[in-house]
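Novice: What would the 3D arrangement of this be:
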Amino acid sequence: MLKKYLFLLTYTLMLTALFTSSFAASVYYRVRSGDDLKAISGKFYGNNSNWKKILESNEQLRSGNDLQEGDIISIP
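Specialist: Presented below is the predicted three-dimensional model:
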């Protein structure tokens, strides 16, 4: 009985750590005038080539042209 309890406790803690780390990994950014996904990618990743990651993590954006000043987007 104790082994089963410890197994369930360990499993629960592992799942909690997995989900917590994936949710905590996102940062939110308020779009400023003149921003585009390449520039935002450069600010957060150090290069402009990761802009697709940002686009894919923001379902409200159909393309990089959908950005509006004041929008809040998720940076994975």
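
Novice: can you give me the strands in this protein?
Specialist: Defined through DSSP state E, the strands belonging to the chain, from first to last, are 27-30, 72-75.

Novice: any idea of the mean pLDDT in the first one?
Specialist: Average pLDDT, strand 27-30: 94.

Novice: For it, C-alpha coordinates in CSV please.
Specialist: Written as CSV, here are the backbone C-alpha positions of strand 27-30 (Å, rounded to 0.1, in the frame of the first residue of the first chain):
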residue,chain,number,x,y,z
VAL,A,27,6.6,35.5,-21.4
TYR,A,28,4.0,38.1,-22.5
TYR,A,29,4.9,41.2,-24.5
ARG,A,30,2.9,44.3,-25.4
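
Novice: what's it packed up against?
Specialist: In this structure, strand 27-30 makes packing contacts with helix 37-45, strand 72-75, judged by 3 or more Cβ pairs under 8 Å, 6 or more residues apart in numbering; DSSP states H and E. In short, each C-beta sits where N, CA and C put it, glycine included.
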